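> based on what follows, work out the 3D shape:
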Amino acid sequence: MPDIPYEEWRARAAGLVPHTGHHVDGEFTGSGSVPVVAPRDGATIAHVASGGAAEVDAAVAAARRAFDTGPWPRLAPAERRAALLRWADLVERDRATLALLVSLEMGKPISEAYGIELSAVAGCLRWYAEIADKQRDEAPRTASSSLALVTREPAGVVAAVVPWNFPLLMLAWKIAPALAAGCTVVLKPAEESPLSALHLAALAAEAGLPPGAFNVVNGPGETAGRALGEHPSVDVLAFTGSTEVGRHFLRYAAGSNLKRVWLELGGKSPNIILPDAPDLDAAADTAAWGIFFNAGEMCTAPSRLLVHRSVASRVLDQIVARAESLRVGDPLDPATEMGPLVSAAHHARVVSHVEAARADGARVRAGGRADGRFLAPTVFDRVDPGMRIAREEIFGPVLAVLEFDDVGEAVRLANATDYGLAAAVWTSDLSTAHRVSRALRAGTVWVNCYEEGDMSVPFGGVKLSGHGRDKSPHALDKYTDLKTTWIEL
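Modelled structure (predicted):
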């Protein structure tokens with residue numbers, strides 16, 4: 001994190017002039033009409049162009065031309081590698097500006113936008129740049145009179161629809177492997193957070209990505225998102241967001257060209273603390289950090305704490321103390337640890353879950369207080385598994401604490417959800433760690449940690465948390481086709 005004081009961040013925000021048009025075929029088009037509102041104070045940051053079917057048609061046509069006749073898929077993989085590395089370098093150059101845009105448009109503390117999200121974005125671009133020229137095709141052994149080739153071909157035009165909670169990182173997880181594979185991309189950012197994506201598009205052009213290789217269309221999900229989902233010239237659609245919207249994209253694909261749809265959806269992740277955890281203090285601190293990081297606006301947030309009854313009081317007291325000491329405030333202040341929720345509508349939704357938990361009989365141990373778009377870090381205990389707070393994704397800084405008496409009960413509680421994105425278990429016993437992690441129905445299981453990992457491992461879910469994997473070499477599978485060529489010699 002650079003040594004930039006609060007006043008300087010505020011001054012930069014006041015002088016910011018962001019890109020506001022769609023980015024199609026290498027150029028910005030359209031005039032701003034829809035306000036982008038800063039959750040920190042409700043002020044309008046800028047007005048952006050809003051697109052529908054016509055704008056999506058133009059962007060998809062540009063991506064289609066770029067794929068069918070343009071240079072990007074025909075470049076040597078080493079040349080795509082070089083372009084993606086240049087792009088990553090430009091992200092590093094403009095890291096402070098991009099972090100400021102993220103902080104302004106969705107409320108992430110500037111220290112986390114700069115130190116965590118932008119670091120990961122540049123790292124993701126570099127990771128897939130480096131893998132672009134290291135993929136291998138196959139030549140299976142056949143009779144001497146034949147030659148068989150199995151080649152990995154770019155799938156075509158990829159539509160990426162991404163959320164606002166990590167507006168650049170979720171974008172990078174999708175477009176970096178797609179571009180590395182030789183696909184062309186049309187991105188629709190969330191309505192709440194288009195400004196950082198548009199700046200990234202400008203950097204893509206500066207890095208030398210050819211026109212049409214990477215396009216951005218702003219607009220509501222009901223119009224621009226649906227147009228991408230139904231478009232016959234889109235070959236693959238990758239989406240991160242709610243399970244409800246994920247269902248819509250599957251329907252759009254079924255009613256159009258049967259495009260492949262890859263979904264990373266919601267979660268209600270269990271965090272299991274057993275009495276033999278190697279460090280109960282670390283387990284409690286991590287549980288608090290995990291649910292309050294990014295204001296709880298994370299699909300992997302450990303929103304269900306399952307703690308053994310014998311240590312529940314100690315662990316809960318420590319989490320409550322951390323919740324009450326957390327510094328909530330202006331995300332542009334480098335000292336802020338938790339910012340506001342992204343919008344008034346989302347704030348109202350999260351508060352409704354808090355009120356429902358109270359009405360259902362759960363006990364507030366910390367927080368529960370709303371102020372503008374801010375919500376104090378909130379902890380409930382005496383939670384019954386059937387309560388809404390234990391079953392539904394809240395996407396806010398709200399922790400539900402459930403107690404258990406044995407490992408079998410913990411696993412049953414953990415799996416008693418329609419979601420399956422992530423989970424964790426804290427134990428000193430290797431056998432228990434292995435058995436529990438295998439029994440948990442989740443795409444990722446952490447042992448004695450939470451939210452750890454790097455680009456080398458895949459990320460995604462099961463059940464209503466979706467299918468397909470971001471990150472790692474496995475992400476390339478979503479954006480490539482295997483072609484068999486059989487030659488009689």
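
> measure residue 477 to residue 55 for me?
Residue 477 is 30 Å from residue 55, where distance means Cβ to Cβ, to the nearest Å. Yep, even glycine has a C-beta here, placed from its N, CA and C like the rest.

> who's more crowded, those two?
residue 55 (22 against 18; other Cβ atoms under 10 Å).

> without its sequence neighbours, what residue ends up closest to that one?
Leaving out its chain neighbours, the residue that sits closest to residue 55 by Cβ to Cβ, 6 or more residues apart in numbering is residue 217, at 5.2 Å.

> touching, that neighbour and residue 51? I think so.
Yes. With contact defined as Cβ atoms under 8 Å, residue 217 and residue 51 form a contacting pair (4.6 Å).

> between the two, what contacts are shared?
Overlap between the contact sets of residue 217 and residue 51, as judged by Cβ atoms under 8 Å, 6 or more residues apart in numbering, is given by 22, 59, 224.

> what is the neighbour count of the first one?
A total of 27 residues lie near residue 22 under the criterion other Cβ under 10 Å.

> what sits against it?
Contacts of residue 22 by Cβ under 8 Å, 6+ apart are 28-30, 49, 51, 55, 59, 215-218.

> which strand residues bridge it?
residue 29 (DSSP bridges).

> now do the strands in the stretch 51-200 of the chain.
Assigned by DSSP state E, counting those that start in this stretch, the stretch 51-200 of the chain shows strands spanning 146-154, 157-161, 184-188.

> including distance to residue 415, could those strands go into JSON lines?
Shown next, in JSON lines, are the strands of the stretch 51-200 of the chain (distance: least, Cβ to Cβ, whole Å):
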{"stretch": "strand 146-154", "distance to residue 415": "36"}
{"stretch": "strand 157-161", "distance to residue 415": "29"}
{"stretch": "strand 184-188", "distance to residue 415": "34"}
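
> now those strands in CSV, with mean neighbour count and distance to residue 471?
Below are the strands of the stretch 51-200 of the chain laid out as CSV (neighbours: other Cβ atoms under 10 Å; distance: least, Cβ to Cβ, whole Å):
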stretch, mean neighbour count, distance to residue 471
strand 146-154, 15, 18
strand 157-161, 28, 15
strand 184-188, 29, 17
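
> centroid-wise, who is the farthest residue in the chain?
residue 145 (49.6 Å; Cα atoms, centre = their mean).

> so what pLDDT did the residue lying closest to that residue once chain neighbours are set aside get?
Leaving out its chain neighbours, the residue that sits closest to residue 145 by Cβ to Cβ, 6+ apart is residue 489, at 5.5 Å. On the pLDDT scale, residue 489 is placed at 96.

> could you count how many residues lie near residue 489?
There are 8 residues near residue 489, going by other Cβ under 10 Å.

> surely it touches residue 147?
Yes. Counting by Cβ under 8 Å, residue 489 touches residue 147, with 6.0 Å between them.

> give me the contacts around the lowest-mean-pLDDT helix or strand in the chain.
Ranking every helix and strand in the chain by mean pLDDT, DSSP states H and E puts strand 370-371 at the bottom, with a mean of 92. Contact partners of strand 370-371, identified using Cβ under 8 Å, 6+ apart, comprise 347, 351, 354, 376.

> highest neighbour count among the residues you listed?
Neighbour max across the contacts of strand 370-371 (other Cβ under 10 Å) = residue 354, 23 neighbours.
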